[in-house]
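Visitor: Pasting a predicted model and its sequence here:
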Amino acid sequence: KRRVSGQTNFLLLYLMEEISKLPLPEAFLHFLKENGLDPLVYTATNSTPRYIRLKAGNEADLEEIEAEMKCKLEKVVWLHGFYSIPPDIKIANSKAYKEGKIYGIDAASGAAVTALNVSVGDHVLDLCAAPGAKLCMILDILGDSGSVTGVDVARHRLAACRTLVQKYALGDRCRLFVADGTTFSLAPSILCLASGSCKAASQEKGDIFREWKSRRPWKERRRAAKTRDNATSELTARSECPELIFYGCHSGVVGLSRNELYRSTCDSEVSSSGYDKWEQSWWMRSALMTGQLNISRNLRIGAGQLFNVVYWMQERTDNLTNLQLKLLTNGFRLLKVGGSLVYSTCSLTVAQNEDVVEQFLKENAFAELQEIDAAKDWPCKSGRIPKTLRFDPCTSSTSGLFVAKFIKLAI
Ligand SMILES: C[S@@+](CC[C@H](N)C(=O)[O-])C[C@H]1O[C@@H](n2cnc3c(N)ncnc32)[C@H](O)[C@@H]1O
C-alpha cells in the first residue's frame, strides 16, 4: 500500500513539474497585471526559506539547537528573535520543537505582529486566530501581563491553536472562543474580574468558571455540544453564542459566572474597557491565490473553462471582500479609543487589500491609517495606499503579506 501511494506521489510530482513548465493563460496574466503582480510569483521555483522564532528565554540554547537540527539558524537581521532555515529542513521532529523552544512562523507574519507594537499589560484581540502562530508570538511578547483573546470560526483549527499555546506553555493569559468574528462582542474578561463588583457578584453564584481542565465535567460538555449543534444549524446562533474552548488561569475567566463572561459590550463601555490592540489576519492566498495557482495550471489542461474560472474568482473575491470588511468593522467596534489594530492578509490582490482599507476608512470616520515605524528596515514596499505595506514573495524572501495599521481616534 505504501509503495503504491509512493508511486502515486511521485507521478503527481512529475505531472505538477511538467504542468508548471507550460505558459500561464492570457486571462490569468491580465489578472496579475491588474494587481501589479509579477508572474514570477507563480512560476519561480519556491526557494523561500522557512522561518522560526525562538521562544523568549531560549537564546542561550541556539548552538545546541543548531547542532541538533544539523543546520545553521541564520539570524533575520530585520526581525528580532527570527531565524531562517533552508526550506527542506523539517522542524517537527527536532527536539527543540518538541520541547517548545522554537516554532514555525513566516517572517512577514512576525512583522505584522511587530507592527502591532504590543506593550506590557495590553489586552489583545486576535480575530481569525487559528492555527495560532501570531497568537503565540503575541502571548510570548506579553509574558506575565495583559491577555489575549483568540477567536476563530473553525473549531478544529482553533483546537490546533489550543494545542499550540499549551505546548509552548503560553496559555496562562489566553482564552479561545469558537465564534464568528463578524459579530463577536465580548470585552476582555480580565477587566471585569479586576472590578470588585463583578468579583462579588460571581461569588454569589454557583455557576462560576474554575480552573480549566481538558476533561470538562459532563454538564459543561453537554452545554458545549448543544451550542455547537445550534451553531451548525444557524449562523446567528453561532455568532451569538461563542464557545469557550480554552482559558488560562490568569486570563480573567476563572472566577467569572457564565453571565458575566457572556455579557456583551455596549459601545459606551468599549471606549474605556475595550481591547488595547487588535490583530486580524486572513488566509486569502491559501484560499484564493493558491486556488488561482492550481486553477491556472489546470486551465492549461482544459483552457475552455477559463472564463468560468475568472468569473468564479471575481464572485469569490467579492464575497471575501465583504466578509473582511465586516470583520474589520466589528473588531474596530471592540477596540478602545486610542487602541490600534493591524489588518494583514496573505492575499496579493488589490481587492482584498487596498480596496478593503479604502472602504473601511470611508465607513469609519474615527479610523486613521498609521505609519508603521518599525518597517523602515523591512524588505517590503508601500502598498497602493500610503502607509500600507506589501511583502512581495519575489523580493522579500517571505511568503508574502499585506499589512495595514489603524488607530481608533474616538467612538
Ligand atoms: C490565515 S488563517 C489565520 C492565521 C492566524 N492568524 C495565524 O497567525 O496562525 C485565517 C483564519 O480565519 C478564520 N476565519 C474565517 N472566517 C472567519 C470568521 N467569520 N470569523 C472568525 N474567523 C474566521 C479561518 O477559520 C482561519 O482559521
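Guide: That came through fine. All values derive from a computational prediction rather than experimental measurement. Numbers count the residues shown, from 1 in each chain.

Visitor: Enumerate the residues of this protein near the ligand.
Guide: Selection of the chain residues close to the ligand by CB under 6 Å from any ligand atom yields 109, 127-134, 151-154, 157, 180-182, 281-283. (Glycine included, C-beta is placed from N, CA and C.)

Visitor: low pLDDT regions in this structure?
Guide: Applying pLDDT under 70 to the chain flags the ranges 1-6, 16-17, 19-21, 41-46, 190-206, 215-240, 264-273, 280-317.

Visitor: Which parts of it are strands?
Guide: 50-54, 74-75, 82-85, 102-104, 123-127, 147-152, 174-178, 243-247, 275-282, 335-345, 367-369, 381-382, 389-391, 401-408 (DSSP state E).

Visitor: closest one to residue 113 among those?
Guide: Nearest of these to residue 113, taken as CB to CB: strand 275-282 at 6.9 Å.

Visitor: that older thread, wait, which of the strands of the chain is closest to residue 187?
Guide: strand 275-282 (7.7 Å).

Visitor: before we move on, back to that, would you list the buried entries among the residues of the chain next to the ligand?
Guide: In terms of neighbour count (16 or more other CB atoms under 10 Å), the buried residues within those are 109, 127-134, 151-153, 157, 180-182, 281-283.

Visitor: which ones among the residues of the chain next to the ligand are found in helices?
Guide: 109, 133-134, 157 (DSSP state H).

Visitor: between the residues you listed, which is closest to residue 347?
Guide: Nearest to residue 347 among those, with distances taken as CB to CB, is residue 109, at 13.7 Å.

Visitor: so who does the closest one touch?
Guide: Taking CB atoms under 8 Å, 6 or more residues apart in numbering, we find residue 109 in contact with 133-134, 137, 281, 344, 399, 401.

Visitor: one more time with 10 Å
Guide: With contacts defined as CB atoms under 10 Å, 6 or more residues apart in numbering, residue 109 is in contact with 51, 53, 133-134, 137, 281, 344, 346, 391, 398-399, 401, 403.

Visitor: export these to a markdown table and tack on distance to residue 84?
Guide: What follows is these, written out as a markdown table (distance: CB to CB, whole Å):
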| residue | distance to residue 84 |
| --- | --- |
| 51 | 5 |
| 53 | 11 |
| 133 | 15 |
| 134 | 18 |
| 137 | 16 |
| 281 | 21 |
| 344 | 20 |
| 346 | 18 |
| 391 | 14 |
| 398 | 10 |
| 399 | 12 |
| 401 | 16 |
| 403 | 19 |
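
Visitor: TSV please, covering the strands of the chain and showing distance to residue 113.
Guide: Formatted as TSV, the strands of the chain follow (distance: least, CB to CB, whole Å):
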stretch	distance to residue 113
strand 50-54	10
strand 74-75	18
strand 82-85	11
strand 102-104	13
strand 123-127	10
strand 147-152	11
strand 174-178	15
strand 243-247	20
strand 275-282	7
strand 335-345	8
strand 367-369	18
strand 381-382	20
strand 389-391	13
strand 401-408	10
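
Visitor: Select, out of those strands, the one closest to residue 9.
Guide: Residue 9 sits nearest to strand 50-54 of all the strands of the chain, at 20.9 Å, using CB to CB.

Visitor: quick one: strands adjacent to the closest one?
Guide: Paired neighbours of strand 50-54 in the sheet (DSSP bridges): strand 82-85 (antiparallel), strand 102-104 (antiparallel).

Visitor: Dump these into CSV; add mean neighbour count as well.
Guide: Listed next are those as CSV, based on neighbours: other CB atoms under 10 Å:
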stretch, mean neighbour count
strand 82-85, 21
strand 102-104, 20
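
Visitor: Same list (those) but as JSON lines, adding distance to residue 61.
Guide: Shown next, in JSON lines, are the strands paired with strand 50-54 (distance: least, CB to CB, whole Å):
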{"stretch": "strand 82-85", "distance to residue 61": "12"}
{"stretch": "strand 102-104", "distance to residue 61": "9"}
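
Visitor: Can you check which of these gets nearest to residue 57?
Guide: strand 102-104 (12.0 Å).

Visitor: among the contacts of residue 109, which ones are buried?
Guide: Among those, those buried by neighbour count (16+ other CB under 10 Å) are 51, 53, 133-134, 137, 281, 344, 346, 391, 398-399, 401, 403.

Visitor: Which among the strands of the chain is found nearest to residue 32?
Guide: Across those, closest to residue 32 is strand 389-391 (CB to CB), at 14.2 Å.
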